[in-house]
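>>> Whatever this is, show me its structure:
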Amino acid sequence: MRKYLSIRNLIMLIVSVFAIIFVYNDYFLYKTPIMKINNIEESIENYGSNGEKYYNQKITGVIKNTKSKGLQVTVNNVTSTSGVYDEKIGYHSEVFLKNSNNTLSIVGIKRDKYIVWLIVIFIDLIILVAGKQGFKTLLSLIINIIISALAIFVFQSNAERLNLLILYLFVSIIFIILSLYITNGKDKKTFSAIISSIASLFISFGLSYLIINLHGRDITIWTMNYIEYVRDYENYFYVCILLSGLGAIMDISITMASSLNELIVKNPKITKKALLKSGTEISKDVVGTMSSVMLYTCFTPTIPLIFLAIKNNMALATAINYYGEIELITVLCSCISIVLAIPISLYISTFILKGGKND
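Residues are numbered from 1 along each chain as shown. Okay, here's the model as predicted:
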């Protein structure tokens, strides 16, 4: 066992080091010129109408790819104290360049190395902490990403004939089955979690869909990001609601199934009444934390926009209605999914794991 762990850790270390070295030297993958910065001279350019400082950065560096590789160049970058409409470039950064009328300008910062660092740390930690189960979790995540990419490709190729919402209802079922099966194996516990997740998803989403449609369709869908590029924008909104609570539903379903299964293993003679009572106590600890997770996940990214709107003399109610209505609806629908998933998974898991016995 120790030998296996040592080999696994060695392989992880080699792959991690290789990934990091590669991303620091992957300039050949880009067609846009990349400059590695060697020196920055900064001076105050002027003051804005509100007293904000604007700086001029004279940046010198070396181009690392394209036909100009190895050429030392100098570009200017104007940045401000707030950084709302611009970006301050730091030492030893790598930036993308654009040549317009023989004048070089910075169009963005190369950030792939930061992403790779985070991915490597995440993968290494999850395997070190969870071991084999962590590897299964990663495998499930990769497969779900592939399925998501395939679903997007299928819809893009058949956008005129496919209904986006129906497509993702099927995709959600595939997510549930594969994720729970890969991470938990083939047994009654997994089967009960799959049935509970699918039932909870359809019941909770159906209820949310019905409530929204009964009260009209005057939701400000147009405030969603990139909505102008989506043809079927109404179903796009419903897909967001559908997927937002999917992970929480699966988490609750497998938690309830695992907990009840453990109780049955410890005491095979435990009654259904005792199981339901124990499951109810477990659910009291789960519902609060999962609801908070959904709030932080869905609504928190909107808070800075609301603060910015208030700073610009917009009323709080107007700011929430304009920037946070969609996210607030998503949070509430997800919380409904969480609350409904508890009794549904509790009764389905009890029935499946106890085999329909009345004792």
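
>>> For my notes, confirm residue 54 occurs in a helix.
No: read with DSSP: H, G, I helix; E, B strand; the rest coil, residue 54 is strand and lies in no helix.

>>> Does it touch residue 78 like I think?
Yes: with contact defined as CB atoms under 8 Å, residue 54 reaches residue 78; the gap is 6.1 Å. Where C-beta positions appear, they are placed from N, C-alpha and C, glycine not excepted.

>>> now could you export just the CA positions of stretch 18-32 as CSV?
Only the C-alpha atoms of stretch 18-32 are listed here, as CSV (Å, rounded to 0.1, in the frame of the first residue of the first chain):
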residue,chain,number,x,y,z
PHE,A,18,5.7,19.2,-16.4
ALA,A,19,2.4,21.1,-16.6
ILE,A,20,3.8,24.1,-14.9
ILE,A,21,7.0,24.1,-17.0
PHE,A,22,4.9,23.7,-20.2
VAL,A,23,2.6,26.6,-19.4
TYR,A,24,5.6,28.9,-18.8
ASN,A,25,6.9,28.1,-22.3
ASP,A,26,3.8,27.6,-24.4
TYR,A,27,4.2,30.8,-26.4
PHE,A,28,4.2,28.8,-29.6
LEU,A,29,0.5,28.0,-29.1
TYR,A,30,-0.5,31.6,-29.6
LYS,A,31,-0.7,33.5,-32.9
THR,A,32,-0.9,36.9,-31.2
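
>>> Name the residues that touch it?
Stretch 18-32 is contacted by residues 34, 64-66, 69, 96-98, 107, 110, 112-113, 116-117, 119-120 when judged by CB atoms under 8 Å, 6 or more residues apart in numbering.

>>> Tell me which entries of those residues lie within strands.
34, 96-98, 107 (DSSP state E).

>>> Most neighbours among those, which one is it?
Highest neighbour count within the ones in strands among the contacts of stretch 18-32, by other CB atoms under 10 Å: residue 34, with 21 neighbours.

>>> got a pLDDT number for it?
pLDDT, residue 34: 91.

>>> for the biggest helix by length in the chain, packing partners?
When the chain is parsed with DSSP state H, its longest helix is helix 325-354. Applying 3 or more CB pairs under 8 Å, 6 or more residues apart in numbering; DSSP states H and E, we find helix 325-354 packed against helix 188-214, helix 233-244, helix 246-266, helix 272-298.

>>> Identify, out of the ones you listed, the most deeply packed stretch.
helix 246-266 (a mean of 21; mean count of other CB atoms under 10 Å).

>>> got the angle for that one vs helix 272-298?
Interaxial angle of helix 246-266 relative to helix 272-298 (axes from the mean of the first three to the mean of the last three CA atoms, to 10 degrees): 150 degrees.

>>> gap between helix 246-266 and the chain center?
Relative to the centre of its chain, helix 246-266 is centred 23 Å away, using CA atoms, centre = their mean, to the nearest Å.

>>> Nearest the middle, which residue of the chain would you pick?
residue 297 (8.4 Å; CA atoms, centre = their mean).

>>> Skipping its backbone neighbours, what lies nearest that residue in space?
Nearest residue to residue 297, sequence neighbours excluded (CB to CB, 6 or more residues apart in numbering): residue 244, at 7.6 Å.

>>> For residue 260, see how far away the one you found is.
Distance of residue 244 to residue 260, computed by CB to CB, to the nearest Å: 26 Å.

>>> for residue 211, same thing?
31 Å.

>>> any idea of the mean pLDDT in the longest helix of the chain?
In this model, helix 325-354 carries a mean pLDDT of 84.

>>> do stretch 251-263 as well
Mean predicted confidence for stretch 251-263 is 84.

>>> which of the residues in stretch 147-156 are buried?
151, 155 (16 or more other CB atoms under 10 Å).

>>> and what of stretch 64-84?
Neighbour-count burial for stretch 64-84, counted by 16+ other CB under 10 Å, picks out 64-65, 75, 77, 79-80.

>>> how about those, which pair is most distant?
The largest separation in those, counting by CB to CB, is between 65 and 80 at 29.7 Å.

>>> Bridge partners for residue 39, pull those for me.
Under DSSP bridges, the beta-bridge partners of residue 39 are residue 60.

>>> didn't it look like it was pressed against residue 72?
No: assessed by CB under 8 Å, residue 39 is found out of contact with residue 72, at 10.2 Å.

>>> returning to that earlier point: what about the residue nearest to the centre of the chain, distance to residue 245?
Per CB to CB, residue 297 is found 10 Å from residue 245.

>>> so who does residue 202 touch?
With CB under 8 Å, 6+ apart, residue 202 has no contacts at all.
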